[in-house]
Structure formats: structure tokens, C-alpha cells
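K.L.:
Sequence and predicted model, in that order:
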Amino acid sequence: MAEANRSALLKQGLARAAARLGDVTPAVMAAFYARHPQARDAFDRLALGRRQGLEGEMVAQVLYCAMTWPEQPGEVEMVLLGSVPHHASTLDVRPEWYAGLIAAGCAVLGGDAVAEERAMWDEIEAELLQVVRESAG
């Protein structure tokens, strides 16, 4: 899919998700915890009493990666290639949790997408998950 088309579809999808959900954080985190319930304990441990704040930061990171990827994939690669191994080695945050959060974000944001837009979300998700796999070594 052409970069310009992906960017337009992405903006359209984000606007629709925002209109439908408002703050997408609760929906993304519910989808994430449904697949990775053990991650809730890690969020509690790492958040130092402010789990909702940390959850919001992590969902914002997923949004940043998804929105930036079509036009500046190198920037997103730098973020993930540094962040994933660092968090795995220092904070015991598993790479599959990164992947799970990206998948949950793309699923929620593309939840009511039409065919071409759904294909765009699937492409972005697959490409971001590939970077996570590469960063996990």
C-alpha cells in the first residue's frame, strides 16, 4: 500500500477510534490483559502506584509507533530496537508484551475499520511486530 494512502487511512481510522472510544487506553489495555494477564502484575510492580499513568504512557507509545511508522519507519525502529532489549534486560519486560500491546492497539484502533483500512492496520501491525522480533534478538 502506498505511503500516502496509508497515512490518509491511518488518520481516518484514528479519528474514528477517537470519536467512538474517546480515550483508547482502557480498551487497549483490556485487550492486552485478556491475552497477557501476567503482565498486569508487572505493570503494578513497575508503575510504583501509578499503573493507570504507566498504561497511558505505553498506549501513547503504541500510538506514536503506529502513526509514525508509515512516514518515518527508521525513527520507530530506533525506538523499538533500543527499548525492547533494554526493558527486557533491566526490568524483566518480555518482548512478547511489546508485541501484545502493539497487537491490542492495532485491534482496538482498527476495530470498526472498512476493508482497505483494516488491511492498513494489519500491515502496520505485521511490520511493527517484525521490528519487535528483530529487537528481541
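P.N.:
In hand now; what should we look at?
K.L.:
Can you check which helix is longest in the protein?
P.N.:
Selection of the longest helix in the chain by residue count, based on DSSP state H, yields helix 115-136.
K.L.:
what kind of secondary structure is the residue of the chain most remote from its centre in?
P.N.:
No residue in the chain sits farther from the centre than Gly49, which is 22.7 Å out by Cα atoms, centre = their mean. The three-state label for Gly49, taken from DSSP: H, G, I helix; E, B strand; the rest coil, comes out as coil.
K.L.:
got the angle between the helix or strand of the chain with the lowest mean pLDDT and helix 115-136?
P.N.:
Across the helices and strands of the chain, mean pLDDT, DSSP states H and E gives its lowest value to helix 3-21, namely a mean of 84. Taking axes from the mean of the first three to the mean of the last three Cα atoms, to 10 degrees, one finds helix 3-21 and helix 115-136 inclined to each other by 100 degrees.
K.L.:
Just list the residues touching the residue nearest to Trp121 when sequence neighbours are not counted, thanks.
P.N.:
The shortest distance from Trp121 to any non-neighbouring residue, by Cβ to Cβ, 6 or more residues apart in numbering, is to Gly110 (3.3 Å). Placement of C-beta: from N, CA and C, glycine included. Listed by Cβ atoms under 8 Å, 6 or more residues apart in numbering, the contact partners of Gly110 are 13, 17, 117-118, 120-122.
K.L.:
Can you tell me, leaving aside adjacent residues, what's nearest to Arg6?
P.N.:
The shortest distance from Arg6 to any non-neighbouring residue, by Cβ to Cβ, 6+ apart, is to Pro70 (4.3 Å).
K.L.:
what's the one you found in contact with, if anything?
P.N.:
With contact taken as Cβ under 8 Å, 6+ apart, Pro70 is in contact with 3, 6-7, 10, 124.
K.L.:
Looking at neighbours, which among those residues is most surrounded?
P.N.:
Ile124 (27 neighbours; other Cβ atoms under 10 Å).
K.L.:
contacting residues for that one?
P.N.:
Ile124 makes contact with 6, 10, 66, 69-70, 106, according to Cβ under 8 Å, 6+ apart.
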